[in-house]
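Student: Give me the fold of what follows.
(chains A and B)
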Amino acid sequence: MSTIHDIRSSHFKSDAREAIANVELRGALARAQEKSNSKRDRAIQRIADDWESMRDQASAIKTWTLENLGEQLELFERNAVKNGIQVHWAEDAENACRLVNEICADAEARSVIKSKSMVTEEIGLNHTLEAAGLEVVESDLGEWIVQIAGETPSHIVAPAIHHTRESIHRLFEETLGRKIPTDAESMTMVAREVLRQAFLRADVGITGVNYLVAETGSFLVLENEGNQRLTTSLPRVHIAVSGIEKIVPRLADLDLFLRMIGRSGTGQVVTTYQNLFCGPRRSPDEDGPRDMHMVLVDNGRTKLLASEKRRQTLQCIRCGACLNICPVYRQIGGHAYGSVYPGPIGSIFTPQVAGLHKASQLPFASSLCGACKDVCPVKIDIPGILLDLREEIAEHGEGQRDQETELKMKRESPAFRRWSSLMQSPRKYRMSGALVRTMALIASHTSLFDRFIPPLSAWRSTRSVPRPEGGSFRARWRRRTEANR
Amino acid sequence: MSDRENILNAVRKALESTGDAKSACTLPELSRPRLEGTQETLIGRFIEEVEAVSGRVHRLANIDSAARQLETLIRAGKTESLAVSRDPIARAISSRVLGRHVVVDPEDNQDAIAEADMGLTGVRLAIAEHGTLMLAPEDDHGRLAALLPPHHVAVLAVSQLVGTLAEAIEHLASDSQPATITFVSGPSRTADIEQTLVIGIHGPALLDILLIEDTQEEDHPS
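Tutor: The predicted structure follows:
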């Protein structure tokens, strides 16, 4: 059974409400979004003439690869095995975790160091390894922060984006049991010291994957901190975990994707380090892992291949640009989505992988403004897929909806039926317009009556009502044409 | 059935169900960007890009001037121990400062390299367009020397500079692939605390590149 670890997306509405009430969180998110968007814009500005054609190419490569996924995966496996990489396949999260556990047990490992990987969050790997008695340490600074806070990441690129410097400082002092300075640089250096010891004692290093290269059987992983280089240099064993969709056919394809992903994700021209792995250490080299394993994880991804439209979900290169631009994410942050994949991409990935019944509110967590589609470097039609999922939930979702969605359907269907009848009669349309204007006018002056009438009361609780001015559009249009005559 | 067969069967079945869409799609030819200009243009771009990501480039005429530059860096950083890879040029340079500094050989254990203040290594190639070094640790056994010490000094001959990432990847495709390749653009960095940029977290905090015109060894070093 495909699943996403610790999913609680059926609490979306209440979690989102709680997040909106958290002023500190919203401040942190707004600052982070503004910074990352302006950095992204600047980075793309320099290659603005090429950007659109690069997006077309990247999207076409991903489309082709997904249409040939079976052959490409087999080709990758053949070449990787030739390179000395041990390739494993896992149908779901449970099998993937079991495989990694077995590799650790065979290596007689006691301590595991990890570099940031979303797929290992998806399958809940840390949980399984810890249950087997292993020490597991996340080494990316943001991941380490959320690990010691006992949280999940709230952003796929910047896991601790919801934290302020003060909250991280409190966390560090509590965890380490000593006083440390409050500036970001000193705190970072404390993390370096603590984590360096964890690197030196680790038996196994675990990473995710950005690109599997079919024609060479090698794979590439990106980072900025150097924690991944340490993760793959010091321990005896390197285990990489990858979703099956992370594949590109040619080594030369990396050039295009590497020029795009840094700019899209963090506004960097390229990330500081890009590590290409082509097998375990070879004699006479005395450094690097003796064994290299690749775990290819399906966990529901193959289900998405059956629809040409929804298949696009698997083109994602996890740059996070859609999270950074999304007005909904900006207000509620990552945790409210109740999935390790939040934001626009999470709202289409989570329900398809974990099942609609686990996340039927997420496709509605969007204003369909389309900003995510505009920034996506591989041109995923996120609003289109959101609509597709909404349609499935509305038309065929009986028994697949959680309580909240069921309630929403019950309330909305009669409202839309009434709307439809109003829109079909000019007389009714005019009358309803006048009624709404009157009500809005009253509502903008007083909270007396909207406080008691759902759904107005729910809408009003976080918004102010705009005051209508100057009569209906039709009346104004009439006045204008008469004046011009 | 194994997970492998289950996954591959599921892929096949899902793709067959969408019918003949597959034939319409072809794998696009890639544009292979090149940098126009002379070698001097390449060098200029390289320096500009390295500096943009907080690294430093020193243009040097030969091994002797590179050794003098290394001395300067050692003095400025109060460096006490130096880990040197087996790259011949790095060795030639470090041999000129030897005697006054501890040289850790990578054959020594990992702890000695971890305690060094500075690592000196070679590179396979460097890429001008992004200010990138391409390290292939098995060339010179420099994996840990380039990674563990807080200061990485890389030795690069002008002839090793290529224009674009696409060219570097072409080189890679024509050679047999090393076990690991690391592309390095600047020193280690993080912005995980309130998007505040901090240079030097897990990897080296300082990156100095000795860009050498002529790497021929003189018969009688001065």
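Student: tell me, how many neighbours does the residue of chain B found nearest chain A end up with?
Tutor: The minimum distance from chain B to chain A, using Cβ to the nearest Cβ, falls at B:Gly203 (2.3 Å). All C-beta atoms are positioned from the backbone trio N, CA, C, and that covers glycine. Using other Cβ atoms under 10 Å in any protein chain shown, B:Gly203 has 29 other residues around it.
Student: Quick one: residues contacting the closest residue to A:Glu166 other than its chain neighbours.
Tutor: Nearest residue to A:Glu166, sequence neighbours excluded (Cβ to Cβ, 6 or more residues apart in numbering or on different chains): A:Thr182, at 7.7 Å. Neighbouring residues of A:Thr182 by Cβ atoms under 8 Å, 6 or more residues apart in numbering or on different chains: A:165-166, A:169.
Student: Partner strands of the helix or strand hosting B:Leu207 and their direction?
Tutor: Secondary structure from DSSP states H and E places B:Leu207 in strand B:206-214. According to DSSP bridges, strand B:206-214 forms sheet pairs with strand B:56-62 (parallel), strand B:151-157 (parallel).
Student: average pLDDT across the first one?
Tutor: Over the span of strand B:56-62, the pLDDT mean works out to 98.
Student: Could you pull up the residues touching A:Glu223?
Tutor: Contacts for A:Glu223 were tallied using Cβ under 8 Å, 6+ apart; they are A:115-116, A:140, A:229, A:271-273, A:275.
Student: Go through the strands paired with strand B:206-214 and name the closest to A:Arg318.
Tutor: Of all the strands paired with strand B:206-214, strand B:151-157 sits nearest to A:Arg318, with 28.3 Å by Cβ to Cβ.
Student: Return that closest one as PDB; C-alpha atoms alone will do.
Tutor: Coordinates of each C-alpha in strand B:151-157 appear next as PDB, following Å, rounded to 0.1, in the frame of the first residue of the first chain:
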ATOM      1  CA  HIS B 151      40.200  25.900   4.100                       C
ATOM      2  CA  HIS B 152      40.500  24.400   0.600                       C
ATOM      3  CA  VAL B 153      43.200  25.500  -1.800                       C
ATOM      4  CA  ALA B 154      42.800  24.100  -5.300                       C
ATOM      5  CA  VAL B 155      45.500  24.100  -7.900                       C
ATOM      6  CA  LEU B 156      44.400  24.700 -11.400                       C
ATOM      7  CA  ALA B 157      46.300  25.100 -14.700                       C
END
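Student: Name the residues that touch that strand?
Tutor: Here strand B:151-157 has contacts from B:66, B:70, B:73, B:77, B:79, B:87, B:89-90, B:93, B:117-123, B:126, B:133, B:135, B:145-146, B:184, B:187, B:203-212, B:215, using Cβ under 8 Å, 6+ apart.
Student: Now do the buried residues in it.
Tutor: Of all the residues in strand B:151-157, those buried under the rule 16 or more other Cβ atoms under 10 Å in any protein chain shown are B:151-157.
Student: next structured bit after it?
Tutor: As assigned by DSSP H and E, the chain's next helix or strand after strand B:151-157 is strand B:161-162.
Student: Wondering if that next one reaches chain A at all.
Tutor: No - using Cβ under 8 Å from any Cβ of the partner chain, strand B:161-162 never reaches chain A; the gap is at least 12.3 Å.
Student: Write the ChimeraX selection for whichever of the contacts of strand B:151-157 are buried.
Tutor: Applied in ChimeraX, the following selects the buried portion of these according to 16+ other Cβ under 10 Å:
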select /B:66,70,73,79,87,89,90,93,117,118,119,120,121,122,123,126,133,135,145,146,184,187,203,204,205,206,207,208,209,210,211,212,215
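Student: Just the element for the residue nearest to A:Leu129 when sequence neighbours are not counted, please.
Tutor: Leaving aside its chain neighbours, A:Leu129 sits nearest to A:Val136 (5.0 Å; criterion: Cβ to Cβ, 6+ apart). Using DSSP H and E, A:Val136 sits in strand A:135-138.
Student: ok so, going back, can you name the two of the buried residues of strand B:151-157 that are farthest apart?
Tutor: Maximum pairwise distance among the buried residues of strand B:151-157 (Cβ to Cβ): 21.0 Å, between B:His151 and B:Ala157.
Student: Neighbours of the residue of the stretch 101-250 of chain A found nearest chain B, how many?
Tutor: Closest approach between the stretch 101-250 of chain A and chain B, counting by Cβ to the nearest Cβ: A:Gly226, at 2.3 Å. Counted with other Cβ under 10 Å, the neighbours of A:Gly226 add up to 28.
Student: Hmm, B:Ser188 and it touching each other?
Tutor: Yes - using Cβ atoms under 8 Å, A:Gly226 makes contact with B:Ser188 at a distance of 4.0 Å.
Student: At which residues are the helices of chain B located?
Tutor: Ranges of helices within chain B are B:3-17, B:39-52, B:63-76, B:88-97, B:110-115, B:137-140, B:165-174, based on DSSP state H.
Student: other SSEs contacting the longest one?
Tutor: Spelled out, that is helix B:3-17. helix A:69-82, strand A:86-90 (3 or more Cβ pairs under 8 Å, 6 or more residues apart in numbering or on different chains; DSSP states H and E).
Student: could you point out which element follows the shortest one?
Tutor: Spelled out, that is strand A:86-90. Sequence order places helix A:93-106 as the next helix or strand after strand A:86-90, per DSSP H and E.
Student: buried set for that next one?
Tutor: A:93-97, A:99-101, A:103-104.
Student: Just name the closest of those to A:Arg110, please.
Tutor: Using Cβ to Cβ, the shortest approach to A:Arg110 within those belongs to A:Cys104, at 9.0 Å.
Student: beta partners of the residue lying closest to that closest one once chain neighbours are set aside?
Tutor: With sequence-adjacent residues excluded and distances taken as Cβ to Cβ, 6+ apart, A:Cys104 is closest to A:Val204, at 5.4 Å. Beta bridges link A:Val204 to A:Val112, A:Val237, judged by DSSP bridges.
Student: burial of A:Val204, as a residue count?
Tutor: Neighbours of A:Val204 (other Cβ under 10 Å): 27.
Student: Repeat that for A:Arg55.
Tutor: 18.
Student: In three-state terms, label it for me.
Tutor: helix (DSSP: H, G, I helix; E, B strand; the rest coil).
Student: Who does the spatially most central residue of chain B form a beta bridge with?
Tutor: Centroid-nearest residue in chain B: B:Leu133, 3.2 Å away (criterion: Cα atoms, centre = their mean). Beta bridges link B:Leu133 to B:Ala126, B:Val184 when assigned by DSSP bridges.
Student: Please report the distance of it from B:Ser94.
Tutor: To B:Ser94, B:Leu133 is 18 Å away according to Cβ to Cβ, to the nearest Å.
Student: How about A:Met260?
Tutor: To B:Ser94, A:Met260 is 39 Å away according to Cβ to Cβ.
Student: where do the contact lists of A:Gly226 and B:Ser188 overlap?
Tutor: Joint contacts of A:Gly226 and B:Ser188 (Cβ under 8 Å, 6+ apart) are A:272-273, B:201-204.
Student: Looking at those residues, which are in strands?
Tutor: Applying DSSP state E to these, the entries found in strands are A:Tyr273.
Student: mind listing what A:Ser218 touches?
Tutor: A:79-80, A:83, A:251, A:276-279, B:177.
Student: so where's the chain uncertain?
Tutor: I went with chain A, as the question did not name one. Chain A contains residues with pLDDT under 70 at A:447-457.
Student: should've been chain B
Tutor: Using pLDDT under 70, the flagged stretches of chain B are B:19-24, B:98-100, B:106-108, B:218-222.
Student: Report the central residue of chain A.
Tutor: Mean-position check on chain A, Cα atoms, centre = their mean. Result A:Tyr341 at 3.6 Å.
Student: isn't there a strand covering that residue?
Tutor: No - assessed with three-state DSSP, A:Tyr341 is coil; it does not lie in a strand.
Student: Would you list the phi and psi of it?
Tutor: Backbone torsions for A:Tyr341, taken as degrees, to the nearest 10, come to phi -100, psi 100.
Student: for the residue nearest to it when sequence neighbours are not counted, what are its contacts?
Tutor: Once flanking residues are discounted, A:Tyr341 sits nearest to A:Phe349: 4.9 Å by Cβ to Cβ, 6+ apart. Counting by Cβ under 8 Å, 6+ apart, A:Phe349 makes contact with A:313, A:316, A:339, A:341.
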